[in-house]
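1. A structural model of the following input is requested.
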Amino acid sequence: MKSETKIKILRTKMKSARAAWRKDKLNLKLKKEFKIMKQELLQAKMAIEMKKGGTSSNGHKSVSGDVEQHSSSCKQNFVSKSKNTIIKKLRIKMKEARAAWRENKKDRTLKKKFKKAKLALQQAKGEPNVKKDSVKKLNKMTNEKSSDHLAADRKGGDSSMDIPSVSNQPSAASEVENPKTKQDPEAATTTNDAKRKVFVSNLNFKVDEAAIKKLFSECGKVTEVTWLEEEKKGSKVFMGCAYVTFTTLAGARKAVQRGEVHHMKRDVRVEYSRDRTKMMSEVVEGATSCFVGNLPFELDEKDLEAWAGGSAAGVKKIFLLKDRKTKKQKGCGFVEFHNTENLRKFVLKNGSFFKGRKIRLRPKNHV
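-> Here you go, the predicted structure:
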C-alpha cells in the first residue's frame, strides 16, 4: 500500500507539473520539472515490478537497464526540444528584424540587426557557412578561366584588343557578396565604346556635371555626361538619371563594381549601359509587331502612339492589355508597324524613359 500511495502522489505531482508547463510552454524551468516528475513516477513503477517479478535470467534486459535507457532518452529529448524552442525564438526575432528593415530599407542599422538575427538563427540550426565555400570555388574557377583566355589571346597575337590584367578583373567573391555589382549580361558582347559607358540612376535633381566627375574621380576620368530628360508642358525636365562615359574600360568597370553609392542624400545606382543597336539585328525579316512593357497605368492608346512616332514612324495599330474583370490597364501592350524597317528603328527606344518609367521592348520575331 505504501508503494501504491507513493505512485499516486507522484502521479498527482506529475499531472500538476504538466498542467503548469502547458500553460506556459516557453518556460523551460516548468518543462524540466515536468520531465523530472515523469521520470520519478516511471522509476517508482519499475521498482514495484522488480519486487514482484524480480530480475529476469533468460537473457532479456533487466528492469534497471530499462529505467536507465529511458532516463537517457528523456534527457536527449529534453535537449532537442529545448534547442527547437531556442530556434523558434530566434526565427521570430529574425522575422521581426526583417519586417522592420523592409519598412525602411535605407536604414543601415536595421539592416545590420536583420543580418545579425539571421546569422544567429543559422548558427543555432548548425548550418554551415555556404557562402565562404562557394566564394572559394568561384574564385578558383574564374582564375583558371581568365588565365586560359589570356594565354589563348597572347598566342593569337591580336594586339588591337584591350586585354585587362587578371588582378583588375572583378572577382567572383565581389559578385557573390554584392549582387548589385554584377556585370550586365549584354556588356560582354558590346563594343569597347559601349563598355566605357555606364547608366547612373536615382540622382539628386540638383546634381551637375562637376559633381558627377567628382563622384567617379576614384574610378577614372569622365569624358562625357549625358542627362536624361523628358518633355513636360513644352519644357524639358531632368529625370534623375544619366549616361556617364569614361576614358578607359577599367574606369567603367570600377564604377560598376562600386554598385550603390550614397551621394547627395540619395543611394545612386550604377550599371552598364545596354547596346540598343544589338536588338535591331535580332529583328527577323517580316516581323512587324513589338511588345512594350513597364508602361504607365494612366496611359491610353493615343499617348503610346505619339511616343512610338505615330504615322510618320510607320505605326499601324496600338493594343493595350487590360484586366478582364476590372478593365484596368496592365501596364503593357503591343505596337504594330507597316514593315520590318519601322520596327527596327522603334526597338532603339528600348530602355528609354517615358513619363518617369523605363520602357522594355521585345520584338515578336515569329512571322
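2. How about the contacts made by residue 209?
-> By Cβ atoms under 8 Å, 6 or more residues apart in numbering, the contact list for residue 209 reads residue 225. Heads up, the C-betas are built off the backbone N, CA and C, glycines and all.
3. meant to ask about residue 85
-> Shown in contact with residue 85 (Cβ under 8 Å, 6+ apart): 26, 28.
4. so it is in which element?
-> helix 63-103 (DSSP states H and E).
5. Follow the chain on from that helix and name the next helix or strand.
-> Criterion used, DSSP H and E; the element after helix 63-103 is helix 108-125.
6. what's that next one in contact with?
-> Under Cβ under 8 Å, 6+ apart, the answer for helix 108-125 is 83, 86-87, 90-91, 93-94, 96-98, 100-101, 104-105, 129.
7. rerun that using 7 Å as the cut-off
-> Helix 108-125 has contacts (Cβ atoms under 7 Å, 6 or more residues apart in numbering) with 86, 87, 90, 91, 93, 94, 97, 98, 100, 101, 104.
8. Which of those are buried? Put it as a ChimeraX command.
-> Command for ChimeraX that selects the buried part of the contacts of helix 108-125, burial taken from 16 or more other Cβ atoms under 10 Å:
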select :90,91,93,94,97,98,101
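9. Is it possible to get JSON lines of the contacts of helix 108-125 that adds distance to residue 279 and pLDDT?
-> JSON lines is the format used below for the contacts of helix 108-125 (distance: Cβ to Cβ, whole Å; pLDDT from 0 to 100):
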{"residue": "86", "distance to residue 279": "54", "pLDDT": "85"}
{"residue": "87", "distance to residue 279": "50", "pLDDT": "85"}
{"residue": "90", "distance to residue 279": "48", "pLDDT": "87"}
{"residue": "91", "distance to residue 279": "46", "pLDDT": "86"}
{"residue": "93", "distance to residue 279": "48", "pLDDT": "87"}
{"residue": "94", "distance to residue 279": "43", "pLDDT": "87"}
{"residue": "97", "distance to residue 279": "43", "pLDDT": "87"}
{"residue": "98", "distance to residue 279": "38", "pLDDT": "87"}
{"residue": "100", "distance to residue 279": "42", "pLDDT": "85"}
{"residue": "101", "distance to residue 279": "37", "pLDDT": "82"}
{"residue": "104", "distance to residue 279": "38", "pLDDT": "80"}
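10. from the contacts of helix 108-125, which single one is nearest residue 234?
-> For these, the closest approach to residue 234 (Cβ to Cβ) belongs to residue 104, at 38.1 Å.
11. Report the contact partners of that closest one.
-> residue 110.
12. same question, residue 214
-> Contacts of residue 214 by Cβ under 7 Å, 6+ apart: none found.
13. mind checking how far it is from residue 112?
-> Applying Cβ to Cβ, to the nearest Å, the value for residue 214 to residue 112 is 29 Å.
14. likewise residue 326?
-> 42 Å.
15. same thing with residue 225?
-> In terms of Cβ to Cβ, residue 225 sits 34 Å off from residue 112.
16. of residue 326 and residue 112, who's got more company?
-> Shown here are residue 326 and residue 112; by other Cβ atoms under 10 Å, residue 112 has more neighbours (12 against 7).
17. Check what pLDDT that one gets.
-> For residue 112, the pLDDT comes out at 86.
18. same check, this time on residue 258
-> Reported pLDDT for residue 258: 84.
19. any weak-confidence spans in the stretch 251-367 of the chain?
-> The stretch 251-367 of the chain contains residues with pLDDT under 70 at 274-278, 366-367.
20. Touching, residue 34 and residue 18? I think so.
-> Yes - using Cβ atoms under 7 Å, residue 34 is in contact with residue 18, at 5.0 Å.
21. residue ranges of the helices in the stretch 201-350 of the chain, please?
-> For the stretch 201-350 of the chain, the helices defined by DSSP state H, counting those that start in this stretch cover 209-215, 249-258, 277-282, 301-308, 340-346.
22. for the ones you listed, which one sits closest to residue 48?
-> Distance to residue 48, taken as Cβ to Cβ, is lowest for helix 249-258 among those, at 75.7 Å.
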